[in-house]
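K.L.:
Mind looking at a prediction? Sequence and model below.
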Amino acid sequence: MAAFYSLYIINKSGGLTFYKDYGSAGRMDTNDSLRVASLWHSMHAISQQLSPTVGCSGIELLEADTFDLHCFQSLTGTKFFVVCELEHSTWKVS
């Protein structure tokens, strides 16, 4: 199972509801976590509108060089996303 670095919960309007940092390296202050949540909410909304697929629900996985970001949007519009270590197996958030 992949190690979680941080967990974010964003409400329907893009406000950060909950943030928890589980890693010891690279801790962010409150303002930075608010910026990350706002940026992710905006990117998620834009991806829904720009997707060529009808009914796209937005970005579910963002793979970077040093981490993976998994996102789940509930039926109420609340987004849960986790930043975790790189995915080396078939583990997925569903």
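P.N.:
Ah, there it is.
K.L.:
quick one: the spatially most central residue of the chain from L16, how far?
P.N.:
By C-alpha atoms, centre = their mean, the chain has its centre lying nearest to F81, at 3.2 Å. The gap separating F81 from L16 is 11 Å, by C-beta to C-beta, to the nearest Å. Quick note: C-beta positions are derived from backbone N, CA and C, even for glycine.
K.L.:
Show me whatever sits in contact with both of those two.
P.N.:
Counting by C-beta atoms under 8 Å, 6 or more residues apart in numbering, the common neighbours of F81 and L16 are Y8, I10.
K.L.:
Just the helices from this structure, written as ranges.
P.N.:
In the chain, the segments counted as helices under DSSP state H are 30-50.
K.L.:
related to what we said a few turns ago, I figured the residue nearest to the centre of the chain hits F4, correct?
P.N.:
No: using C-beta atoms under 8 Å, F81 is not in contact with F4, being 10.7 Å away.
K.L.:
Can you pull the poorly scored residue ranges out of this protein?
P.N.:
Applying pLDDT under 70 to the chain flags residues 1-2, 24-26, 87-94.
K.L.:
which residue ranges form the strands in it?
P.N.:
Along the chain, the segments classed as strands by DSSP state E run 4-10, 16-21, 61-63, 68-73, 79-84.
K.L.:
Measure how far the fourth one is from the centre of its chain, please.
P.N.:
Between the mean C-alpha point of strand 68-73 and the mean C-alpha point of its chain there is a distance of 4 Å (C-alpha atoms, centre = their mean, to the nearest Å).
K.L.:
ok and it relative to strand 4-10, angle-wise?
P.N.:
Computed by axes from the mean of the first three to the mean of the last three C-alpha atoms, to 10 degrees, the angle separating strand 68-73 from strand 4-10 equals 30 degrees.
K.L.:
picking that back up, how close does the nearest residue to the residue nearest to the centre of the chain once chain neighbours are set aside sit to D29?
P.N.:
Leaving aside its sequence neighbours, F81 sits nearest to C71 (C-beta to C-beta, 6 or more residues apart in numbering; 4.1 Å). Distance, C71 to D29, using C-beta to C-beta: 23 Å.
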